[in-house]
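K.L.:
I'll drop the sequence and a predicted model, then ask my questions.
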Amino acid sequence: MVLWRIWFYVLTAIPVILLFFPLAFLLAIPNGYKYLFWIARNIWAPFVLYGTGCWVKKITAFPLEGKSFMLIANHTSVIDVMVILRLRKTPFVFVGKKELVQIPIFGYLYKRAAIMVDRSSSKSRYGVYGRAQKVIDKGYSICIFPEKDYTDESIVLNPFKKGAFKLAVEHQIPIFPMVFLDCKRKFPWNTSYGYPGELRVKALSVIPVVNLSESDIPVLQKQAYQAIKKELLNDPKGNIKNAIELWKKHLY
């Protein structure tokens with residue numbers, strides 16, 4: 001298990017190191033991000049997924065490409081990033097925590113490719129809105145994993161932060177919820193268990209935000225949270241429940 005995890009990080013690093021200079025160049029030119037996204041989606045993500053013995057399976061139809069969405073999903077694994085990259089061809093930009101900038105080499109690219117937010121700084125949080133508008137103006141989507149304290153594996157779905165929903169309302173882009181059914185069991189944060197295989201993803205109904213205001217955000221949060229949690233609990237394979245049981249055994 002330890003060797004498998006180490007292998008995952010080796011695979012993650014190899015394309016980033018080998019392609020660092022071309023990727024840095026793309027981020028330095030106007031509209032270069034769409035080419036970086038293509039590389040991340042079609043080279044980096046499948047290289048890591050297939051190299052670790054995993055593959056993504058859409059078990060429902062997904063919305064048409066070419067439209068901006070606020071993409072959200074349950075965050076159950078470090079492999080979630082590769083999974084979500086395989087789900088959409090239209091470029092999207094991650095909103096992520098500032099701490100990832102500290103990762104050598106990757107951090108340099110991440111700083112220029114993602115919308116970073118320092119959650120301890122109100123100025124940084126406010127600045128996200130301006131950067132998000134530039135992304136939407138290019139026809140891209142935005143991706144946020146909205147869970148709080150998502151590394152707690154004893155919980156089916158942690159409460160949602162309001163950032164994704166506030167951005168969606170502010171910029172009037174519909175919310176597209178997705179459910180990752182297998183990542184928590186097959187590649188969890190806990191490195192003591194997991195196994196390769198199929199990673200199923202289910203698309204839920206798009207949530208419109210037309211004419212909604214900031215006062216509607218709690219309702220949007222609740223609607224999205226309940227929809228994703230319901231699918232996790234009703235999964236015929238029960239992988240979320242199995243993952244939680246294993247985590248409890250690890251703790252006690």
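P.N.:
On my side now, so go ahead. Remember, predicted model here, so these are calculated numbers, not experimental data.
K.L.:
Phe54 reaches Phe180, doesn't it?
P.N.:
Careful, residue 54 is Cys; it's not Phe. No. The pair Cys54 / Phe180 is not scored as a contact, 11.9 Å apart, by C-beta atoms under 8 Å. All C-beta atoms are positioned from the backbone trio N, CA, C, and that covers glycine.
K.L.:
what sits in contact with each of those two?
P.N.:
Shared contacts of Cys54 and Phe180, defined by C-beta atoms under 8 Å, 6 or more residues apart in numbering, are found at Leu199.
K.L.:
I'd like the distance between the nearest residue to Tyr225 once chain neighbours are set aside and Arg5.
P.N.:
Nearest residue to Tyr225, sequence neighbours excluded (C-beta to C-beta, 6 or more residues apart in numbering): Phe160, at 5.2 Å. In this view, Phe160 and Arg5 are 28 Å apart by C-beta to C-beta, to the nearest Å.
K.L.:
please apply the same query to Leu49.
P.N.:
15 Å.
K.L.:
again with Tyr150
P.N.:
Using C-beta to C-beta, one gets 18 Å for the distance from Tyr150 to Arg5.
K.L.:
what's the burial count for the nearest residue in space to Phe106 that is not next to it in sequence?
P.N.:
Spatially, and ignoring its direct neighbours in sequence, Phe106 is nearest to Val16 (5.4 Å; C-beta to C-beta, 6+ apart). Here the number of neighbours of Val16 (other C-beta atoms under 10 Å) works out to 18.
K.L.:
go ahead and confirm the residue nearest to Tyr225 touches Ala227.
P.N.:
No. With contact defined as C-beta under 8 Å, Phe160 does not count as touching Ala227 (11.3 Å).
K.L.:
which one's more surrounded, those two?
P.N.:
More crowded of Phe160 and Ala227, by other C-beta under 10 Å: Phe160, with 21 against 14.
K.L.:
report the beta-bridge partners for the more buried one.
P.N.:
Note on Phe160: beta-bridge partners Glu147, judged by DSSP bridges.
K.L.:
okay, it: pLDDT?
P.N.:
On the pLDDT scale, Phe160 is placed at 95.
K.L.:
mind listing what it touches?
P.N.:
Pro146, Glu147, Lys148, Gln221, Ala224, Tyr225.
K.L.:
can you rerun that using 10 Å?
P.N.:
Listed by C-beta atoms under 10 Å, 6 or more residues apart in numbering, the contact set of Phe160 reads 72, 74, 144-148, 220-222, 224-225, 228.
K.L.:
please verify my assumption that Phe180 contacts Leu204.
P.N.:
No. Counting by C-beta atoms under 10 Å, Phe180 stays clear of Leu204, with 11.8 Å between them.
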